[in-house]
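A.B. asks: Below are the sequence and a predicted model; questions follow.
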Amino acid sequence: MLKRAARLAAPAAAAAATTAGVVSMTSSNGDERQQQQKQVRGVAFCDDKKDESVLSMLGDIQARLSALQQSIGTSASTTSATYQNDAISTATSTKPGIDVVLGSQWGDEGKGKLVDMLSQEYDVCARVAGGSNAGHTIVVEGKKYKFHLLPSGILNEKAMCVIGNGVVIHLPSFLNEIDGLKQSGIDSEGRILLSDRAHIVFDFHQEVDGFQENKLGRNKIGTTKKGIGPAYASKISRNGIRIGDLKNFDFFEMRFRELANATMNSYPGLEIDIDGQLAYYKSIAERVTAMTTDTIEYTNDAYDSGKRILIEGANATMLDIDFGTYPYVTSSNPSIGSVLTGLGVSPRKISGIYGTTKAYCTRVGEGPFPTELDRNEGIGEHLGVVGAEWGTTTGRARRVGWLDIPQMRYSTLINGFTALNLTKLDVLTGLPEVKIGHAYKHNGKILNTMPSCLKTMSEIEVVYETLPGWTEDISRARSFEDLPVNAQRYVLRVQELLGVPVRWIGCGANRLDMIDRGDGWDLSKLEGESSE
């Protein structure tokens, strides 16, 4: 029992440090300002002992526990060593399990960069939802790699990459992506596994997507026209075709003819070269089936054997077909539930859930955007140009705005984030002041939930709070203390408002331009310790 108490001491202390480090910066009292300066620089102090940090208190707790254990004849050496190395260390944990990186806004938050960094420590990287409508860009030594279907973890030559049953796959795009990587010097041979249950996006799905979008006119959704929605519609209508069907080409051909004819009947004027398409799929069948397997069995076996598994989310929570700003959403569930249904794993196997959010906010396509700024002037122009806000998949200019806390709280509620990845903080550099959308107000009343009605969303008034900006270059910052004080204040305020620790902070476009504050800023690591 004493050992368990000792193991709980460090998580509690770390939590206390988190709480103490996120106090509001509005006090005008000189002593309090001095105290806040100390807190902003990453050292939390207790009220009754101004000269002791939480870490020194932890040492005192360990000393007292050691004395108590020795008095009853047990050794504290193991416990003490555990916490000197575990609780205070900022190294990445190597415990087996499934960790998840998700988009927490409207997509394009920079998930791929974190996945690329984390994947170096993982054995398996996986995609679980969406299709080639997703887009991640990684910059390695000045060279850009763009991913649409493949997990960004493919850059780790030791990692296996899994595309789960929840993904819809346009095979021509998928194979082109593999070939393009090979030309760039990235060999993925033998490291990609396709779920035999994943559905296929055909060229005619893309044509239908464009036809449906054009038919909507001014009420268009703003889809990528990659055929994702129509492919999921085929899946739900139970006439879709799966990757595993290619293993028996006669069966595949029968199903394809039925689906193609049904689609042409539904869309007069649409012409599908059935024989030409069948010839193409026959030519790639052997290559595709060599990568095809039961990924449900593979992933669960990997977990049982102690492998570390990383899930790379596509799109984002506010584009979720159920939780997003419907109907301006994607056709899948790019929130935490997709990990279970799109990979075939138990919720008990999930450990860290990492929400990725920009230090501001962007959106591609149509739909509500409460904190939106004019992209063509002032701060909106600054965010768009300095942040290089053009879509990886579509090339369209992204809409830009201030960070939206009510939206982020909603996303946090749904996904249960254990840590946040705050990206593109450097884009705010140079602004004299930065704003945070603090609350939504409708008809004079503060809203406590995210409205489901688009009319209500269009009538929302955003309540902002303003923080001082900074001018210092932060691209070389590698620790929280390296950031300018006002940048630290911004991060801590976001952390305070959301109640989730900010572990990673993006400081620039390059692969290594990121601060990792360590396991002490990840609730899943603290909870893992306290449950043992």
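C.D. replies: Yes, it's here. A quick note: this is a predicted structure, and the numbers were derived from the prediction, not measured.
A.B. asks: How many neighbouring residues does V140 have?
C.D. replies: Residues lying near V140 (other C-beta atoms under 10 Å) number 14. Any C-beta I mention is one placed from the backbone N, CA and C, and that applies to glycine too.
A.B. asks: from here on, count from 743
C.D. replies: Happy to do that; since the first residue is 743 now, the last one works out to V882.
A.B. asks: Am I right that it is in contact with I896?
C.D. replies: No - under the criterion of C-beta atoms under 8 Å, V882 is not in contact with I896, lying 11.9 Å apart.
A.B. asks: which residue is nearest the centroid of the protein?
C.D. replies: Nearest to the mean C-alpha position of the chain, counting by C-alpha atoms, centre = their mean, stands L844 at 2.5 Å.
A.B. asks: Shouldn't Y1040 be within a helix?
C.D. replies: Yes - checked against DSSP: H, G, I helix; E, B strand; the rest coil, Y1040 lies within a helix.
A.B. asks: The nearest residue to it once chain neighbours are set aside: which element?
C.D. replies: Computed as C-beta to C-beta, 6 or more residues apart in numbering, the closest residue to Y1040 that is not its neighbour in sequence is L935, at 6.2 Å. Using DSSP states H and E, L935 maps to strand 934-937.
A.B. asks: and that strand, what other elements does it pack with?
C.D. replies: Counting contacts by 3 or more C-beta pairs under 8 Å, 6 or more residues apart in numbering; DSSP states H and E, strand 934-937 packs against strand 902-905, strand 1034-1035, helix 1037-1046.
A.B. asks: Quick check: what element follows it along the chain?
C.D. replies: Next along the chain from strand 934-937, counting by DSSP H and E, comes strand 941-942.
A.B. asks: which is the next helix or strand following that following strand?
C.D. replies: Assigned by DSSP H and E, the successor of strand 941-942 is helix 945-958.
A.B. asks: Tell me the buried residues in that next one?
C.D. replies: Residues of helix 945-958 classed as buried by neighbour count (16 or more other C-beta atoms under 10 Å): D945, F946, H947, Q948, E949, V950, D951, Q954, E955.
A.B. asks: what's V866 sitting at in phi/psi?
C.D. replies: Backbone torsions for V866, taken as degrees, to the nearest 10, come to phi -140, psi 130.
A.B. asks: hang on, the earlier thing: next, give phi and psi for the residue nearest to the centre of the chain.
C.D. replies: The phi/psi pair for L844 (degrees, to the nearest 10) is phi -120, psi 150.
A.B. asks: Return the distance of it relative to V870.
C.D. replies: For L844, the distance to V870 equals 10 Å [C-beta to C-beta, to the nearest Å].
A.B. asks: ok, back up a step: of the buried residues of helix 945-958, which one scores lowest on pLDDT?
C.D. replies: Lowest-confidence member of these: E955, scoring 75 (pLDDT).
A.B. asks: Now do the strands in the stretch 1093-1242 of the chain.
C.D. replies: 1103-1105, 1114-1115, 1141-1143, 1145-1146, 1161-1165, 1175-1184, 1187-1188, 1203-1210 (DSSP state E, counting those that start in this stretch).
A.B. asks: so for the last one, what's the average pLDDT?
C.D. replies: When pLDDT is averaged along strand 1203-1210, the result is 97.
A.B. asks: ok, residues contacting it?
C.D. replies: 767, 1112-1113, 1144, 1146, 1174-1184, 1188, 1228, 1231-1232, 1235 (C-beta atoms under 8 Å, 6 or more residues apart in numbering).
A.B. asks: Recalculate using a threshold of 6 Å.
C.D. replies: P1112, T1113, E1175, V1176, K1177, I1178, G1179, H1180, A1181, K1183, N1228, Y1232 (C-beta atoms under 6 Å, 6 or more residues apart in numbering).
A.B. asks: Strand partners (parallel or antiparallel) of it?
C.D. replies: strand 1175-1184 (antiparallel) (DSSP bridges).
A.B. asks: Repeat that for the second one.
C.D. replies: Neighbouring strands of strand 1114-1115 in its sheet, by DSSP bridges, are strand 1141-1143 (antiparallel).
A.B. asks: how distant is the partner strand from the center of its chain?
C.D. replies: Its chain's average C-alpha position is 19 Å from that of strand 1141-1143, according to C-alpha atoms, centre = their mean, to the nearest Å.
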